[in-house]
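**Q** Below are the sequence and a predicted model for it; my questions follow.
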Amino acid sequence: MLAAELSNSHYSTMAKSTFRNNKASSCFSDVFLYLGGALFAFLLVWSLWSYAGPDISGTSEPKVTDSNLKVGSNSKTCVKEDPAVNLLYDPPDTTFYDHPELRYSIEQPVKDWDQKRNQWLRHHPSFAPGARDRVVMVTGSQSTPCKNPIGDHFLLRFFKNKVDYCRIHGYDIFYNNVLLHPKMHTFWAKLPMVRAAMLAHPEAEWIWWVDSDAMFTDMEYKLPLRRYDYKNHNLVVHGWPKLIYEEKSWTALNAGVFLIRNCQWSMDFIDKWAKMGPMSPEYERWGQIQSSLFKDKLFPESDDQSALIYLLYEDKSLMKKIYLEGGYYFEGYWLEIVPTYDNITERYTGIEREDKKLRRRHAEKVSEQYGAFRDVHLKEAGNGKGSWRRPFITHFTGCQPCNGDHNKMYEGDSCWKGMVRALNFADNQVLRKYGFVHPDLLDSKTVQETPFDYPDDGPW
Ligand SMILES: *[C@@H]1O[C@H](CO)[C@@H](O)[C@H](O)[C@H]1NC(C)=O
């Protein structure tokens, strides 16, 4: 499987650039440059952390077929020797930003976006290397204080969790708490935000929407972006085709977390998707259509998730562009996940007791390397439901941390306790790099310093 991932063209691109000269000229990640002769050994490690998921079967080199990927593929043409992006440079050359007719509002379509984005990248060559894998996370919440007295505290911790994840993996993050279209409220608010983020971040290939009530519970797992490049998918959501086409369920996918490619297809798709929302004169009718198709949908208003499922249901060819990720917890239901944290912690601690390399203290910046080291031990773990790998994203669907009106089917304080346990489970992975650990996942206040060689011995 690894061999399949070691794509020929990656290898030759890197081999060329590494051997041609040993200054920073790689079109790829600058990490390769320090490796010279150890290139092949390094590739093995690299492919582990770069593809993260152990279950990419039979993927060979992603083919760059669509103009969408031109932006990404430009990153392979060696533009600049300095691998660092230049934040001080915005030349006077005209770009789409200078067109008076460009509108950020979701009501005005954007045309020729791929060309416009490419042109911007050409004028900002320091951003071209790495553009293919650049991700901007977008999340947000309402513009007023939460009704739940501890709601804002929870939102702060959920946001801190996302900031931690982004810092560890070098992603940018944007938190928005204003409606960018007055009618696109609640779950519809993300569409105008994501679209505006696409325009604000021409340097990024992907915009990653993550709901405010979703959190990262595997700080090491990296998005397997090559999997989505392979056939040039443009939108990734957690979902199951059978539930769309056979069961016609409104929970066939979850629209609370999605990854969308920064390209014209996505601009057009968001327009189509948004037309089923409250900014549309057809809003009410869409609600009726959704309710009659999805028998398990219990409220009459058209919602973004049902709308997305409806679009897929009506036009199956969209599956060519929309990847329904079911291979890992791209997001996962908290009720299913939270009870597994203790066993997972035990397994991971066991692995660390076995492998001294994993116990070595290190700078937070090089965390991805330790994720790759750990991956070797997780081959049998599976991923997603029933697995003992840390779940990537735990989503507190129905818990409503901000307004406090959690779904009545959740007993008593199970939502609050679940969130606290998840937050501390995630925080333990971060705090480790700072030398501390929460011994009790339900006690957010208490930490202990981790001794040298933790967790080799001790009552952990
Ligand atoms: C945790 O592991 C124990 C022992 O293997 C098992 O009996 C239990 O069902 C597991 N708990 C969960 C929630 O998976």
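**A** Nice, thanks for sending it over.
**Q** Tell me who's in contact with residue 427.
**A** By C-beta atoms under 8 Å, 6 or more residues apart in numbering, the contact set of residue 427 is 161, 164, 438. Where you see a C-beta, it was placed from the backbone N, CA and C, and this is true even at glycine.
**Q** Could you check how far residue 189 is from the ligand?
**A** 35 Å (C-beta to the nearest ligand atom, to the nearest Å).
**Q** what residues are up against the nearest residue to that residue once chain neighbours are set aside?
**A** Leaving aside its sequence neighbours, residue 189 sits nearest to residue 179 (C-beta to C-beta, 6 or more residues apart in numbering; 5.5 Å). With contacts defined as C-beta under 8 Å, 6+ apart, residue 179 is in contact with 143, 185, 189, 192.
**Q** before we move on, back to that, by neighbour count, which of the contacts of residue 427 wins?
**A** residue 161 (23 neighbours; other C-beta atoms under 10 Å).
**Q** residues near whichever residue of the chain sits closest to the ligand, how many?
**A** Residue of the chain nearest the ligand, by C-beta to the nearest ligand atom: residue 343 (3.7 Å). Each residue near residue 343 was counted by other C-beta under 10 Å, and the total is 10.
**Q** Same question for residue 97.
**A** Close neighbours of residue 97, defined as other C-beta under 10 Å, add up to 12.
**Q** again with residue 170
**A** Residue 170 has 12 neighbours, counted by other C-beta under 10 Å.
**Q** if I look at it, how far off is residue 137?
**A** Distance from residue 170 to residue 137, counting by C-beta to C-beta, to the nearest Å: 11 Å.
**Q** Look up phi and psi at residue 216.
**A** Backbone torsions for residue 216, taken as degrees, to the nearest 10, come to phi -80, psi 120.
**Q** Now do the contacts for it.
**A** 161, 162, 164, 165, 392, 393, 426.
**Q** In strands, which of those residues appear?
**A** Applying DSSP state E to those, the entries found in strands are residue 393.
**Q** For PyMOL, what selects the buried ones among the contacts of residue 216?
**A** In PyMOL syntax, the buried subset of those is picked out as below (16 or more other C-beta atoms under 10 Å):
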select buried, resi 161+162+164+165+392+393+426
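**Q** which one of the contacts of residue 216 sits closest to residue 308?
**A** Nearest to residue 308 out of the contacts of residue 216 is residue 393 (C-beta to C-beta; 17.8 Å).
**Q** show me what contacts the closest one?
**A** 210, 214, 215, 216, 217, 257, 329, 330, 331, 332.
**Q** Let's see that with 10 Å instead.
**A** By C-beta atoms under 10 Å, 6 or more residues apart in numbering, the contact list for residue 393 reads 161-162, 165, 210-211, 214-218, 221, 238, 254, 256-257, 328-332, 337.
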